[in-house]
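Below is the structure, and that's it, no one-letter string:
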């Protein structure tokens, strides 16, 4: 018997791929996920301090994924906790937040991340419902890549007290090169969030990849500044990971320059974070190719058969070599 809260997975249109597949009958879309799966859980000190629930699966296929073993489940044979009963996970999460260690850390919320939590949204809503029954004051954070339908975004705004929102690039071709997905839905949702629920935005996050998306910084800042000059933007330092494990990490001077550029166009609340200076093969940056071309070349070298990547229309959408990549580097 199918739980009522999962019925919409029989015709899944939670994200902007709008695959329409019946995930309860072994059909899969771009995310390759059938039923929701909890990858791991832990008290986590990174702001906002929380009990973090990492959901397996993702609707992006990012070349630079830092949680690739989780995001590319089930292709990556990663041990997961599985489809825990929502009531059980809600009780566990509230207990961990209330625990001595949780209080010492300053944890005050459940943080849903991944991969991407959006393919598991109905399941997450059920967990939140259970948690609120146990503690009406417990907070909820939702971490997103922004690639969801307008209706799904409304649901996220309803359930969340804070939202961390990743923007992977500000040029459509660069975004497709890095993620396999178009940019427009992400910007549409970023704008809607800023205009209708700015008080719930923890921050926009932008993973700065040297030579690939760093040229988008000023346009991104202008876009956000036009919405509200006080919107928070945090640049994250790229570190060698997944398919891009040989690509050098961002340097501190590049991070500082990005902050400077964003502030120069009028954005006030800008910062950067992350580990910098990790070495890679420097010749990967000695090129006159565009950022999009560099990303596409890296994808092609590792098995992607399309240029201007759009994963939903790829002939190998269900047998993607990128998703099966086995990285050797651990950063």
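Thanks, I have the structure now. What you see is a predicted model, and the numbers here were worked out from it, not measured in a lab.

Any idea what residue 42 is bridged to?
residue 52 (DSSP bridges).

Can you get me a residue count around it?
12 (other Cβ atoms under 10 Å). Backbone N, C-alpha and C define where each C-beta goes, glycine included.

Could you verify my assumption that residue 218 touches residue 265?
Yes. Counting by Cβ atoms under 8 Å, residue 218 touches residue 265, with 5.9 Å between them.

Let me see the ranges of the helices in the stretch 101-250 of the chain.
Using DSSP state H, counting those that start in this stretch, the helices found in the stretch 101-250 of the chain span residues 121-134, 150-159, 172-179, 184-196, 217-227.

What pLDDT is listed against the most centrally placed residue in the chain?
Central residue of the chain (Cα atoms, centre = their mean): residue 145, 3.9 Å from the mean position. We have a pLDDT of 98 for residue 145.

Then residue 78?
Listed pLDDT for residue 78 reads 89.

Not counting its neighbours along the chain, what's nearest it?
residue 69 (4.4 Å; Cβ to Cβ, 6 or more residues apart in numbering).

quick one: the one you found from residue 77, how far?
Distance, residue 69 to residue 77, by Cβ to Cβ, to the nearest Å: 9 Å.

So the two - more neighbours on which side?
residue 69 (20 against 8).

got a list of what the residue nearest to the centre of the chain touches?
Residues near residue 145 by Cβ atoms under 8 Å, 6 or more residues apart in numbering: 58-60, 116, 118, 166, 168, 179, 186.

if you set the cut-off to 6 Å instead, what comes out?
When contacts are counted by Cβ atoms under 6 Å, 6 or more residues apart in numbering, residue 145 touches 60, 116, 166.

surely the first one meets residue 179?
Yes. Under the criterion of Cβ atoms under 6 Å, residue 60 is in contact with residue 179, at a separation of 4.4 Å.

Now the residue nearest to the centre of the chain: closest residue in space that isn't a chain neighbour?
residue 166 (5.1 Å).

For that neighbour, give its distance to residue 111.
Taken as Cβ to Cβ, the span from residue 166 to residue 111 is 14 Å.

same deal with residue 178?
Look at residue 178 and residue 111: by Cβ to Cβ, they are 24 Å apart.

Comparing these two, which residue is more hemmed in?
More crowded of residue 178 and residue 111, by other Cβ under 10 Å: residue 178, with 30 against 27.

Per-residue pLDDT of the more buried one, please?
pLDDT, residue 178: 98.

Likewise for residue 141?
You'll see residue 141 listed with a pLDDT of 98.

mind listing the strands for the stretch 1-150 of the chain?
Secondary structure of the stretch 1-150 of the chain (DSSP state E, counting those that start in this stretch): strands located at 38-44, 50-55, 109-113, 139-144.

In this structure residue 274 contacts residue 235, no?
No. Using Cβ under 6 Å, residue 274 is not in contact with residue 235, being 8.2 Å away.

Comparing the two, which shows the higher neighbour count?
Counting neighbours by other Cβ under 10 Å for residue 274 and for residue 235 shows that residue 235 has the greater number, 27 against 18.

Is the more buried one bridged to anything, and to what?
Beta-bridge partners of residue 235, as defined by DSSP bridges: residue 206, residue 272.

Who are the contact partners of it?
Here residue 235 is in contact with 206, 208, 255, 258, 272 (Cβ under 6 Å, 6+ apart).

Could I get the buried residue list for the helix or strand harbouring the third one?
Take DSSP states H and E as the rule and residue 255 turns out to sit in helix 252-264. When neighbours are counted by 16 or more other Cβ atoms under 10 Å, the buried residues of helix 252-264 are found to be 254-255, 257-259, 261-262.

what about residue 306, neighbour count?
Look at residue 306: counted by other Cβ under 10 Å, it has 16 neighbours.

tell me the SS of it?
coil (DSSP: H, G, I helix; E, B strand; the rest coil).

so where's this structure uncertain?
For the chain, applying pLDDT under 70 flags the ranges 1, 281-286, 330-331.

Residue 66 and residue 207, how far apart?
Going from residue 66 to residue 207 by Cβ to Cβ gives 8 Å.

One more: residue 251?
14 Å.

before we move on, what about residue 259?
Taken as Cβ to Cβ, the span from residue 259 to residue 207 is 14 Å.

buried residues in stretch 101-116?
Neighbour count says stretch 101-116 has 102, 105, 107-116 buried, by 16+ other Cβ under 10 Å.

can you put those residues in TSV and add distance to residue 159?
What follows is the buried residues of stretch 101-116, written out as TSV (distance: Cβ to Cβ, whole Å):
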residue	distance to residue 159
102	21
105	23
107	18
108	16
109	12
110	10
111	13
112	9
113	14
114	16
115	18
116	15
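
any idea which of those is closest to residue 326?
residue 115 (17.5 Å; Cβ to Cβ).

My guess is the closest one contacts residue 68. True?
No. Using Cβ under 6 Å, residue 115 is not in contact with residue 68, being 9.3 Å away.

Residue 297 sits in which helix or strand?
helix 291-301.

Now do that helix against helix 172-179, angle only.
Angle of helix 291-301 versus helix 172-179, following axes from the mean of the first three to the mean of the last three Cα atoms, to 10 degrees, is 30 degrees.
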